[in-house]
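[1] Sequence below, structure please.
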Amino acid sequence: MQRSAIFRGLALAALFALPASGRAAEVDIAWDPGLAFDFDHEHYQGLLKQIVSQSYDEAAAFTGLTRDKPLRIFVYTHPHYEKEFGTSAEISRGAHYSRDAIYVNGGSRLDAHFAGTLAHEMTHALLDYRGTGHALPVWFNEGLAERVSWLHQGLDELASNQASQIKGAREHGFLTPLQAKNALSPFGYLQSWAAVLFLEQKLGRKAVLAVAKKTLDGLPFERALYQETQWTQAELEQAFNEWSDQLLR
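    Sure, this is the predicted structure:
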């Protein structure tokens with residue numbers, strides 16, 4: 001879809017700079033004119049700006065990355081979101097990042113769950129700061145985004161029910177391989193987050209982020225992984241399996 005076509009029919013709601021000194025990126029928020037009544041506009045816009053600002057700060061603090069180009073946020077009505085991205089996306093997604101923009105399903109409540117979702121999508125926006133986010137394997141890209149999202153929600157390790165799912169997947173032989181391409185299933189997001197969490201616990205966040213940065217800067221992922229961890233992808237997955245065996249003990 002061309003950007004000019006995206007902007008048609010949208011009213012520019014706000015242009016502002018995120019407040020973190022020295023690392024702010026301009027953010028354009030545009031929304032469908034029929035999304036809310038006039039008296040809702042100011043409150044909705046203010047709350048959305050707060051959530052956007054917080055999610056940017058959290059994603060930047062975790063990844064150490066910043067954007068030096070504007071980020072566009074489009075707030076769509078339910079029907080517009082469904083038309084653009086499909087019924088299943090309209091039902092299940094509060095927002096998603098794609099090609100230098102975050103698209104918000106305007107029917108979603110701007111609550112804690114939405115804030116966690118936006119933290120996830122903002123992480124993608126920062127990982128794609130050079131337009132190379134696609135170079136990361138999907139499990140690693142989504143795992144980092146889930147890590148930031150769950151941190152926002154106060155979770156710094158797997159919850160017991162999540163650990164049970166990971167351990168069960170290991171026991172049934174489908175915890176690995178980790179998915180490099182294509183869309184993830186709900187379990188795939190949990191698996192990816194658990195794999196990133198494992199890497200961070202085993203090797204430290206600095207090494208995990210160094211793998212990401214080198215890959216985003218043009219080094220093939222497996223070479224970046226080996227430089228920072230001395231593991232091949234297969235060795236990483238074997239170590240991840242062994243780590244999962246220790247869960248809930």
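
[2] helices and strands around the helix ranked longest in the chain, which ones?
    Longest helix of the chain, by residue count under DSSP state H: helix 38-63. Applying 3 or more CB pairs under 8 Å, 6 or more residues apart in numbering; DSSP states H and E, one finds that helix 38-63 contacts strand 11-17, strand 26-31, strand 71-76, helix 112-127, helix 138-152. C-beta here means a position set from N, CA and C on the backbone, and glycine is covered the same way.

[3] if we go to 6 Å?
    Packing contacts for helix 38-63, counted by 3 or more CB pairs under 6 Å, 6 or more residues apart in numbering; DSSP states H and E, involve helix 112-127, helix 138-152.

[4] quick one, that helix and strand 71-76 angle?
    140 degrees (axes from the mean of the first three to the mean of the last three CA atoms, to 10 degrees).

[5] could you give me the average pLDDT of helix 38-63?
    Mean pLDDT, computed over helix 38-63, is 86.

[6] May I see the buried residues of it?
    44-45, 48-49, 51-60, 62-63 (16 or more other CB atoms under 10 Å).

[7] out of those, who's nearest residue 241?
    Of all the buried residues of helix 38-63, the one sitting nearest residue 241 is residue 62; the distance, using CB to CB, is 25.8 Å.

[8] need the helix or strand of this protein with the lowest average pLDDT.
    Lowest mean confidence among the helices and strands of the chain (mean pLDDT, DSSP states H and E): helix 3-7, at a mean of 40.

[9] pLDDT wise, what is residue 84 at?
    Looking at residue 84, the pLDDT reads 89.

[10] Ignoring the adjacent residues along the chain, who's closest to it?
    Nearest non-adjacent residue to residue 84, counting by CB to CB, 6 or more residues apart in numbering: residue 76, 6.9 Å away.

[11] where does residue 247 land in three-state SS?
    Three-state call for residue 247 (DSSP: H, G, I helix; E, B strand; the rest coil): coil.

[12] and it, how far is that from residue 191?
    Separation of residue 247 from residue 191 (CB to CB, to the nearest Å) stands at 13 Å.
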